[in-house]
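kindly generate the corresponding structure for this input.
(one chain, ligands or ions: 1)
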Amino acid sequence: MSAPDWKNAPADPAAVAAVSANGLEYRVLDTSDATAFDPYLQAEMRGFLAAEQSDEQLGGARDGLAFRRFVGVYDPGSLDVSQPVATVNSWVTEMTLPGGIGIPMWAISGVTVAPTHRRKGIARAMLEGELRTAVDAGVAIAGLTVSEATIYGRFGFAPATFGTDWSIETKRALWIGPRPDGRLDFVSRDQLRDQLAELHGRVRRSRPGEIEAWPGLWRRMSGTAPGQEDSAKVRGVRYADAAGTTRGIAVYRLGSEGPDFTKHDLELHYLLSETPDAYAALWRFALEHDLVSVVKAHLRSVDEPLRWMIADQRGATVETSEHGWLRVLDVPTVLAARTYSSPVSITLRVTDPLGIADGTWELRVDGSGTAEVTPVRSEADVTLSVNALSSILLGGVRAATLRDAGLLDADDDAVDALDASFASTRAPYLSLWY
Ligand SMILES: CC(C)(COP(=O)(O)OP(=O)(O)OC[C@H]1O[C@@H](n2cnc3c(N)ncnc32)[C@H](O)[C@@H]1OP(=O)(O)O)[C@@H](O)C(=O)NCCC(=O)NCCS
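Numbers count the residues shown, from 1 in each chain. Predicted structure coming up:
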C-alpha cells in the first residue's frame, strides 16, 4: 500500500527557515530507515522523561508508528547528529462529530524539544509548521492531547472534551445497579488486543470527540507490545450478550501495598461498552471484586452512569480535567460537517492570531439540523477566538460559559441560540491518549 500524501508532505518552508536561523535543520523523516528512526524514537522517549529503549522496544515502536509522519529538528553541532533535538509526529485520523459523522483530523503527537535546546522557539516553529502542512493537505481540524495544559492555547487549540478519574471505596459505594444476564469471561492478552480493536471500531462513532485508534495503541493497552514492561499484570475480561457477541471489555491491573490481603487496588485502565448491559456488568465486576478495597478508574467520561449505580455517591472521588484539545483550521468545512440540535441563523466572527481560521461566516441550520455556512461581510452576532470555537464545536462546552468567562462576545439571545443548536445529546468524550 502506498503512503498517503500527508505522510511525506514536504517540510514547511517557514518552519525550515525559523529553525535554520538558529543553525538547526528541519527534516521529514524516512521511517523505512531504521538508522534514522531508532535514534529519533530514543530522542522522543527521552523528551517524555522515559528510559532508554531496548532493541525489542524500538522494533515494536517502529512497527507500530511507521504509518505516521515524523518531523525532526537536528543540530549539526550535536555530539550525536543522528539524534534530533526536537520531535513531532502527526497523522490523519477520523474524529466523530455530533450526529455520528466522522471528519478527517490532523492528529499531533510526540512534541518534544530537548532540555538542551528549550525556549528558542523550536516548538513554535514545529507546531505552526504542522498546522500549515495540515491546511495544505486539506484537513479542516487538528487535535492533540497534552502533557501540560499551558502549552497549546497560543496555537489556537482549546479543550473540547473532558475526562474524569475515579477513586471508589468499594465497601462504601456499594453496587445498586442492574445485574445483567450476559456472561463474563477472561480473555488472553492477544484476544484482548484484537477484541478491543474490533469493539472500539464499532462504538467510536457513538460519541462526539472519539477518534479512530491505531493497532499499536491496542498492543500497549493489552500488554502485548514488544518489550513492554509490567505487561504480565494486564488482565482483560469481556462481557458477551445472550448470542455470545462481545459487547464490552474491561482492562485492569491489580496491586496491593501493605500486609492486608483484602486491600488490593483495582486499576481500571479501560472500559469499553457497546450496550448498557455490558457497561453495568463490567463496572459491577470491578466494584464487587473480592479482595479489592479501592477501584481507580482513569479517563472516564463526564457523564458516567456509574454515579447512579452506587448506593453512596460520596464513596467515589471524581476529578475532572480537560483532555481532547481541538483546533479548527477551516471554519466552513468543520461547521458544515456536524449536525445540530435546533435551527439557528447566526453570524460568527472568528479571530485567529495565526490567520488560518480568521473570518466572518453566517451559520444557517435548518429544521433537519443540517448546516450551510457562507462567508459574509456583515456585522457579527458572535465574536469568538478560534480557541473558543474549537471548544464549543462538539457541544461539551457552552457558549454561555465562555461568554461569562470573557472568551466570547455576544448578547443573551445569540448565546442561547448558539447553545441550543450546538448541544449534543451525549457529552463529548475521548477515551484515548495520543
Ligand atoms: C513543551 C516543549 C515542547 C516546549 O518547547 P520549546 O521549544 O521550549 O518551546 P518554544 O521555545 O517554541 O516556546 C513557544 C511558546 O510556548 C511557551 N512554552 C514553552 N513551553 C511551555 C510550557 N511547558 N508551559 C507553558 N508555556 C510554554 C514559550 O514560553 C513560548 O511562548 P511565546 O512564544 O508565546 O512567548 C518542551 O519544553 C518539551 O519538550 N517539554 C517536555 C515534553 C512535553 O511536555 N511535550 C509536550 C507534549 S504534549
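
any stretches of the stretch 1-150 of the chain with poor pLDDT?
When residues are selected by pLDDT under 70, those of the stretch 1-150 of the chain lie in 1.

show me the helices in this structure, by range?
Counting by DSSP state H, the segments of the chain that form helices are 13-20, 34-47, 55-65, 122-136, 170-173, 189-203, 215-222, 276-287, 331-337, 386-392, 399-404, 412-422.

how about the residues of the stretch 101-250 of the chain by the ligand?
By the rule Cβ under 6 Å from any ligand atom, the part of the stretch 101-250 of the chain lying against the ligand is 111-113, 118-124, 146-148, 150-151, 154. Where you see a C-beta, it was placed from the backbone N, CA and C, and this is true even at glycine.

change it to 8 Å
109-115, 117-127, 144-148, 150-152, 154 (Cβ under 8 Å from any ligand atom).

write the ChimeraX selection for whichever of these are buried.
Selection of buried members from these for ChimeraX, criterion 16 or more other Cβ atoms under 10 Å:
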select :109,110,111,112,113,114,117,120,122,123,124,125,126,127,144,145,146,152
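
so of the residues of the stretch 101-250 of the chain next to the ligand, which ones are in strands?
109, 110, 111, 112, 113, 144 (DSSP state E).

can you tell me which two in those are farthest apart?
Farthest-apart pair in these is 113 and 144; separation 15.3 Å (Cβ to Cβ).

domain map for this structure?
5-144, 164-324, 330-422 (automatic domain parsing).

reformat those as a markdown table; add distance to residue 429.
Converted to a markdown table, the domains of the chain look like this (distance: least, Cβ to Cβ, whole Å):
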| stretch | distance to residue 429 |
| --- | --- |
| domain 5-144 | 10 |
| domain 164-324 | 4 |
| domain 330-422 | 8 |
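
so which of those domains gets nearest residue 158?
That would be domain 330-422 among the domains of the chain, by Cβ to Cβ, at 3.8 Å.

is the ligand within reach of that closest one?
No. For domain 330-422, no contact with the ligand is found by Cβ under 8 Å from any ligand atom; the gap never falls below 9.9 Å.

now do that domain: distance to the chain's middle.
Mean-position distance between domain 330-422 and its chain equals 22 Å (Cα atoms, centre = their mean, to the nearest Å).

related to what we said a few turns ago, can you lay out the helices of the chain as JSON lines showing distance to residue 162?
Formatted as JSON lines, the helices of the chain follow (distance: least, Cβ to Cβ, whole Å):
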{"stretch": "helix 13-20", "distance to residue 162": "31"}
{"stretch": "helix 34-47", "distance to residue 162": "26"}
{"stretch": "helix 55-65", "distance to residue 162": "27"}
{"stretch": "helix 122-136", "distance to residue 162": "23"}
{"stretch": "helix 170-173", "distance to residue 162": "22"}
{"stretch": "helix 189-203", "distance to residue 162": "19"}
{"stretch": "helix 215-222", "distance to residue 162": "20"}
{"stretch": "helix 276-287", "distance to residue 162": "19"}
{"stretch": "helix 331-337", "distance to residue 162": "20"}
{"stretch": "helix 386-392", "distance to residue 162": "10"}
{"stretch": "helix 399-404", "distance to residue 162": "12"}
{"stretch": "helix 412-422", "distance to residue 162": "16"}
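
looking at those helices, which is buried most?
Sort the helices of the chain by mean neighbour count, taking mean count of other Cβ atoms under 10 Å, and helix 386-392 sits at the top with a mean of 25.

send me it as PDB with only the CA atoms.
Extracted C-alpha coordinates of helix 386-392, given in PDB (Å, rounded to 0.1, in the frame of the first residue of the first chain):
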ATOM      1  CA  VAL A 386     -10.600  30.100  17.100                       C
ATOM      2  CA  ASN A 387      -9.900  28.600  20.500                       C
ATOM      3  CA  ALA A 388     -13.500  29.300  21.700                       C
ATOM      4  CA  LEU A 389     -14.900  27.900  18.500                       C
ATOM      5  CA  SER A 390     -12.900  24.700  18.900                       C
ATOM      6  CA  SER A 391     -14.100  24.300  22.500                       C
ATOM      7  CA  ILE A 392     -17.800  24.700  21.700                       C
END
